[in-house]
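>>> Give the three-dimensional model of this entry:
(one chain, ligands or ions: 1)
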Amino acid sequence: MAIAKSNHWEADRVQELPFQGTRKMLEAANKLKAEGKDIVDMTTGRPDFDTPQNIKEACKDALEAGMVHYASNYGVQELRVAIANKMKRDNGLDFSPDNEIMVTLGCVEAVSTALTTFLNPGDEVIIPMPIWLNYAYIPKMLGANIVPVLLREEKNFAVTAEDIEKCITPKTKALVLVSPNNPTGGVMLEEDLRAIAQMAVKHDFIVITDEIYEHFIYDGCKHISIATMDGMRERTVTINGVSKAYSMTGWRIGWICAEKSLIESLVRTHQYAASCATTFAQYGAIEALNGPQESVKIMTDEYDRRRKLMVDSINSMPRISCVSPKGAFYVFANVKELKMTSEEAAQFFLREAGLAAVHGSAFGDGGEGYMRMAYTTSYENIQRGLERLDSALRKL
Ligand SMILES: Cc1ncc(COP(=O)(O)O)c(C=O)c1O
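Prediction:
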């Protein structure tokens, strides 16, 4: 649905881009906070931890050492080496730091660069929905056709090979995978990844896999990179970054790993979009990847503790329920019994419980009837917000 232009110079394609639903709820919450109301904010995927001190120190040292100039379009060489080592260590993948890794301005730029590089107008891109909206709107802006695959609660919101297969046509150019997933917390199973890999090879499409939540995974589930599977290395664009794992959302450092000829295309787009990622921030990212990894474990354990609190509390309340998410830091709660739209439910949560969450419809097809609640706020805040939500629901 096209949106009214903000001014008469605006290009037609921008009419496809709404303000994001997350932002809308965040602003509503901030307004109430400014009025002195106690609001428990579960709107954004912004970790509430500080960036570990060793990472900040590395960045300060880089600034002091004069790392304030443009870096290579591919990124600082030392960071590319750190990424190559990380990909080997955590994902079992070998990429050359010389020509198979490109550092980006966060995953956001990696995603838009990848989609821009590989999608022509009229190409079909299969996208699991609901989804983090960048994947829905950038293809639209490029004139590509989105083929949605609806994620189902009864399947724990995991993408299944069976569902993907139904969407493949001769026009399929790309498939997007986000596992662990935003907004649902779903994690893909190895057998589905394996079957999807075979389909990608057979039908010759590319897979864009966003692995930004790889470390936040629970209940013994394992993250598997699809690029490790037979025939996939040459057709996979693996996106990741430091934002979530090291609580570095403001640093804007992400990356893409792919086979040399794909990176060559990607760099050609990236040089016109960003030139390079912030040089001194890249030195912080080197320390994040090469330095001690305890902070990642501490954060993951804390998210897991919060996740259990969320799931147990929500499932003890009337008219709301949730499946236990296996990854990321979101609960995608079912609010269908409230008999209101998810947007009305979000307003109800905010007004009656001082709990800010994001309506599922903000994440595209399949999101209506759900509420995304990010457990990126303290255990105590979550307890307080959920207690208030419970009483509000019991009064309905
Ligand atoms: C699936 C997904 N990819 C990427 C991002 C953004 O990552 P970055 O901060 O590295 O741009 C987000 C942020 O919420 C996300 O949910």
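>>> Near the ligand, which residues of the stretch 1-150 of the chain? Just list them.
The stretch 1-150 of the chain has residues 45, 106-108, 132 near the ligand, with proximity defined as CB under 6 Å from any ligand atom. Every C-beta, even on glycine, is put in place using the N, C-alpha and C of the backbone.
>>> With pLDDT added, can I get the residues you listed in CSV?
Compiled in CSV, those are given as follows (pLDDT from 0 to 100):
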residue, pLDDT
Gly45, 91
Gly106, 98
Cys107, 98
Val108, 97
Trp132, 94
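>>> can you pick the most crowded of the residues you listed?
Cys107 (25 neighbours; other CB atoms under 10 Å).
>>> still on that earlier bit, need the residues of the stretch 1-150 of the chain next to the ligand in TSV with distance to Glu368, can you?
Shown next, in TSV, are those (distance: CB to CB, whole Å):
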residue	distance to Glu368
Gly45	20
Gly106	29
Cys107	26
Val108	25
Trp132	17
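>>> Now render those residues as CSV, adding secondary structure.
Putting those into CSV (DSSP: H, G, I helix; E, B strand; the rest coil) gives the following:
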residue, secondary structure
Gly45, coil
Gly106, helix
Cys107, helix
Val108, helix
Trp132, coil
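>>> Met232 and the ligand: what is the separation?
For Met232, the distance to the ligand equals 20 Å [CB to the nearest ligand atom, to the nearest Å].
>>> One more: Ser321?
For Ser321, the distance to the ligand under the criterion CB to the nearest ligand atom works out to 23 Å.
>>> OK, contacts around the residue of the stretch 101-250 of the chain found nearest the ligand?
When distances are taken as CB to the nearest ligand atom, the stretch 101-250 of the chain reaches nearest to the ligand at Gly106, 2.8 Å away. Contacts for Gly106 (CB atoms under 8 Å, 6 or more residues apart in numbering) come out as 241, 243, 249, 252-254.
>>> closest to Ile212 among these?
Proximity of these to Ile212, judged by CB to CB, is greatest for Gly241, which lies at 5.8 Å.
>>> give the contact list for the nearest residue to that closest one once chain neighbours are set aside.
The shortest distance from Gly241 to any residue that is not its chain neighbour, by CB to CB, 6 or more residues apart in numbering, is 3.1 Å, and that residue is Gly254. The neighbourhood of Gly254, defined by CB under 8 Å, 6+ apart, consists of 103-110, 212, 239-243, 277.
>>> 10 Å instead, please
102-111, 113, 210, 212, 239-243, 277, 285 (CB atoms under 10 Å, 6 or more residues apart in numbering).
>>> Then Val81?
Shown here is Val81, whose contacts under the criterion CB under 10 Å, 6+ apart are 97-98, 101, 286, 289-290.
>>> Most neighbours of all the residues you listed, which one?
Of the contacts of Val81, with other CB under 10 Å as the count, Ile101 tops at 24 neighbours.
>>> thought that one was touching Met87?
Yes. The pair Ile101 / Met87 is scored as a contact, 8.1 Å apart, by CB atoms under 10 Å.
>>> list residues touching both of the two?
A shared contact of Ile101 and Met87, defined by CB under 10 Å, 6+ apart, is any residue touching both; here these are 95, 238, 255, 257.
>>> Bridging across strands, which residues link to the residue lying closest to the second one once chain neighbours are set aside?
With sequence-adjacent residues excluded and distances taken as CB to CB, 6+ apart, Thr238 is closest to Cys257, at 4.6 Å. In this structure, Cys257 has the following beta-bridge partners (DSSP bridges): Ile101, Thr238.
>>> do you know how far Cys257 is from Pro128?
Between Cys257 and Pro128 the distance is 21 Å, computed by CB to CB, to the nearest Å.
>>> Ala288 reaches Asn240, doesn't it?
No. Ala288 is not in contact with Asn240 according to CB under 10 Å; the separation is 11.8 Å.
>>> which of these two has more neighbours?
Set side by side, Ala288 and Asn240 show unequal neighbour counts under other CB under 10 Å, the larger going to Ala288 at 29 against 25.
>>> The more buried one: which element?
Here Ala288, judged by DSSP states H and E, is contained in helix 279-290.
>>> can I have that helix written out in PDB, keeping just the CAs?
Written as PDB, here are the backbone C-alpha positions of helix 279-290 (Å, rounded to 0.1, in the frame of the first residue of the first chain):
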ATOM      1  CA  THR A 279      37.300   2.900  10.800                       C
ATOM      2  CA  PHE A 280      37.900   3.300  14.600                       C
ATOM      3  CA  ALA A 281      34.700   1.300  15.300                       C
ATOM      4  CA  GLN A 282      36.200  -1.600  13.300                       C
ATOM      5  CA  TYR A 283      39.000  -1.700  15.800                       C
ATOM      6  CA  GLY A 284      36.500  -2.200  18.600                       C
ATOM      7  CA  ALA A 285      35.000  -5.100  16.600                       C
ATOM      8  CA  ILE A 286      38.400  -6.700  16.200                       C
ATOM      9  CA  GLU A 287      38.700  -6.800  20.000                       C
ATOM     10  CA  ALA A 288      35.100  -8.100  20.300                       C
ATOM     11  CA  LEU A 289      35.900 -11.100  18.000                       C
ATOM     12  CA  ASN A 290      39.500 -11.800  19.200                       C
END
